[in-house]
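**Student:** here are the coordinates; sequence isn't available:
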């Protein structure tokens, strides 16, 4: 009760609760197979000062503190690992602090969602470039900084969420407040760049899965939004992995050398699109074997767009059976994805195909473009090897999409689709861990770790030992009492 009373005195009774019927909602995320552990208290601070006070109180009582943004993590990152956890819901912290149109930077509280932020930026002719992760409209920008994700759109042009961060305000585990980026210089008034004042210490908090400190304010690059775009979708020839790779390499090489304005580039299997709620689109893909690629490119001039479109189409034609479209109803998913704002509805289509009784256990990884056909085949081999175990717990393995990044690598959206049947949960978790370990040991990078992925990286001895020891030492400096997100990375 003393802990509760002190926390309530910071945020007010309205925004602090220990009621089970509210706290139970914080035991859940987008990964229903993992244990649902109810936090002892949930609270919703309004500003950085309140977060600092909460951290100090949790230190006093030696109580675990878990920061949560939009709750859209797919790997247990926003769920408690122990029952004594205080859940810090940052969704009230959604104020846009400054839009610097001269220097193309926006600063906002970390709890604002990518969709909320971009709806304001759109009205001013800007966007964040990378539209955030693919896990949902409600994903918070602070969560995006905690994961190296970016599937919400713009990866091929702007890179991952963390690539566009130029400033962070962090509350450390001892309650101390530190600002990173150009404002490390106390005489800089507004953030404008990430590097330039010595070592990149901000990077410790990018992709940390919320373990090194609590993100309260984020500064991101913003970009003028091009008024013209074109999206195309193509059916790839047989042996689609290899043909797709050739198309991607040629498009990437020419895209960079000729500045073709490629915004996104996807490869997906035809069944995957069935998660998209467009009946005609489903029908138009129904008789296609192999794979499908789609891309979107942008321009500030109509003639430039048309010139780039011709170059890209000539490349695509060399490696494809036919064009699908031009409308979404005729199979052009790229037009729907960008033109109809389908950014956050594109992912895990393979899993949603299976109906409401199934859910996704994602194993998304980054790999070099040169290796993605090999990795896809490794997933196929793993599925064949685990066929009996998958059958016994009513689960499926597969790949829903491959997304290009703005350098020679890509995301692979792989994983399991599993039933909600309680008796199978432990077996499903073991299969999930096994596929994560397999992919990591093939040299793939698990960029979104959460609870289960971060623990697999440690338990499977993926990390180079000296690196992991260094990570543990950094954790002790940032969070001396180990109260922030304990359990992730076995820290």
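**Tutor:** Received it, and whenever you're ready, just let me know what you need. None of these values were measured; they are calculated from a predicted model.
**Student:** what's near enough to touch the spatially closest residue to residue 364 that is not a sequence neighbour?
**Tutor:** Closest residue to residue 364 apart from its sequence neighbours, by CB to CB, 6 or more residues apart in numbering: residue 413 at 5.3 Å. The C-beta positions use only the backbone N, C-alpha and C, and glycine is treated the same way. Listed by CB atoms under 8 Å, 6 or more residues apart in numbering, the contact partners of residue 413 are 134, 151, 347, 348, 362, 364, 399, 400, 401, 402, 403.
**Student:** what of residue 475?
**Tutor:** 211, 212, 482, 491.
**Student:** that one: what secondary structure?
**Tutor:** On the three-state scheme (DSSP: H, G, I helix; E, B strand; the rest coil), residue 475 is labelled helix.
**Student:** if we can go back for a sec, just say helix, strand or coil for the residue nearest to residue 364.
**Tutor:** Applying three-state DSSP: residue 413 is strand.
**Student:** separation between it and residue 297?
**Tutor:** Distance, residue 413 to residue 297, using CB to CB, to the nearest Å: 22 Å.
**Student:** again, but for residue 392
**Tutor:** According to CB to CB, residue 392 and residue 297 sit 46 Å apart.
**Student:** looking at the two, which one has more neighbours?
**Tutor:** Each of residue 392 and residue 297 has its neighbours counted (other CB atoms under 10 Å); residue 297 has more, 28 against 12.
**Student:** tell me what the more buried one is bridged to.
**Tutor:** Residue 297 forms beta bridges with residue 230, residue 262, as assigned by DSSP bridges.
**Student:** cool, residue 410 as well?
**Tutor:** Residues in beta-bridge contact with residue 410 (DSSP bridges): residue 367, residue 404.
**Student:** tell me, how many residues neighbour it?
**Tutor:** 26.
**Student:** quick check: pLDDT value at it.
**Tutor:** Confidence at residue 410, expressed as pLDDT, is 90.
**Student:** what sits against it?
**Tutor:** 248, 366, 367, 368, 369, 372, 402, 403, 404.
**Student:** from residue 51, how far out is it?
**Tutor:** 36 Å.
**Student:** circling back: tell me which of the contacts of residue 410 is nearest to residue 72?
**Tutor:** residue 403 (17.0 Å; CB to CB).
**Student:** are any of the contacts of residue 410 buried, and which?
**Tutor:** 248, 366, 367, 369, 372, 402, 403, 404 (16 or more other CB atoms under 10 Å).
**Student:** contacting residues for the last one?
**Tutor:** Which is residue 404. 155, 156, 248, 252, 262, 264, 265, 266, 369, 410.
**Student:** for the record, mean pLDDT for the helix or strand encompassing the fourth one?
**Tutor:** Assigned by DSSP states H and E, residue 252 belongs to helix 240-257. When the per-residue pLDDT values of helix 240-257 are averaged, the result is 74.
**Student:** and the next helix or strand past the worst-scoring helix or strand of the chain on mean pLDDT?
**Tutor:** Lowest by mean pLDDT, DSSP states H and E among the helices and strands of the chain is helix 349-352, with a mean of 46. As assigned by DSSP H and E, the chain's next helix or strand after helix 349-352 is strand 358-362.
**Student:** could you list the buried residues of that next one?
**Tutor:** 358, 359, 360, 361, 362.
**Student:** list the contacts of that strand.
**Tutor:** Applying CB under 8 Å, 6+ apart, the external contacts of strand 358-362 come out as 30-33, 74-75, 348, 351, 413-420, 428-429, 431-432, 448.
**Student:** now that strand, how far from the centre of its chain.
**Tutor:** 15 Å (CA atoms, centre = their mean, to the nearest Å).
**Student:** next: stretch 390-403.
**Tutor:** 19 Å.
**Student:** what do you get for stretch 222-242?
**Tutor:** 20 Å.
**Student:** quick check: buried residues in that stretch?
**Tutor:** 222-223, 225-226, 228-237, 240-241.
**Student:** repeat for stretch 457-464
**Tutor:** Under 16+ other CB under 10 Å, the buried positions of stretch 457-464 are 457, 458.
**Student:** what sits up against that stretch?
**Tutor:** 433, 436, 437, 440, 441, 446, 449, 456, 468, 471, 489, 490.
**Student:** lowest-confidence entry in the contacts of residue 410?
**Tutor:** residue 248 (79).
**Student:** ok, back up a step: residue 424: which of the contacts of residue 410 is nearest?
**Tutor:** Nearest to residue 424 among the contacts of residue 410, with distances taken as CB to CB, is residue 402, at 28.5 Å.
**Student:** residue 94: how many residues sit nearby?
**Tutor:** Residues near residue 94, counting by other CB under 10 Å: 17.
**Student:** swap that for residue 259, sorry
**Tutor:** 11.
**Student:** helix or strand: which one has it?
**Tutor:** Using DSSP H and E, no helix or strand contains residue 259.
**Student:** as TSV, the buried residues of strand 358-362 with distance to residue 172 would be great.
**Tutor:** Putting the buried residues of strand 358-362 into TSV (distance: CB to CB, whole Å) gives the following:
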residue	distance to residue 172
358	40
359	35
360	34
361	33
362	30
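**Student:** any chance of CSV for these, columns distance to residue 9 and pLDDT?
**Tutor:** Formatted as CSV, the buried residues of strand 358-362 follow (distance: CB to CB, whole Å; pLDDT from 0 to 100):
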residue, distance to residue 9, pLDDT
358, 44, 71
359, 39, 75
360, 40, 78
361, 41, 87
362, 40, 88
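**Student:** check for me that residue 106 belongs to a strand.
**Tutor:** Yes. The assignment for residue 106 (three-state DSSP) places it in a strand.
**Student:** quick one: residues contacting it.
**Tutor:** Neighbours of residue 106 in contact, by CB under 8 Å, 6+ apart: 96, 98, 99, 100, 117, 121, 126, 128, 219, 220, 222.
**Student:** partners of it in the sheet?
**Tutor:** residue 99, residue 220.
**Student:** please enumerate the helices of the stretch 151-300 of the chain.
**Tutor:** 155-158, 240-257, 279-285 (DSSP state H, counting those that start in this stretch).
**Student:** apart from its neighbours in sequence, what residue is nearest residue 468?
**Tutor:** Per CB to CB, 6+ apart, closest to residue 468 is residue 458, 6.9 Å.
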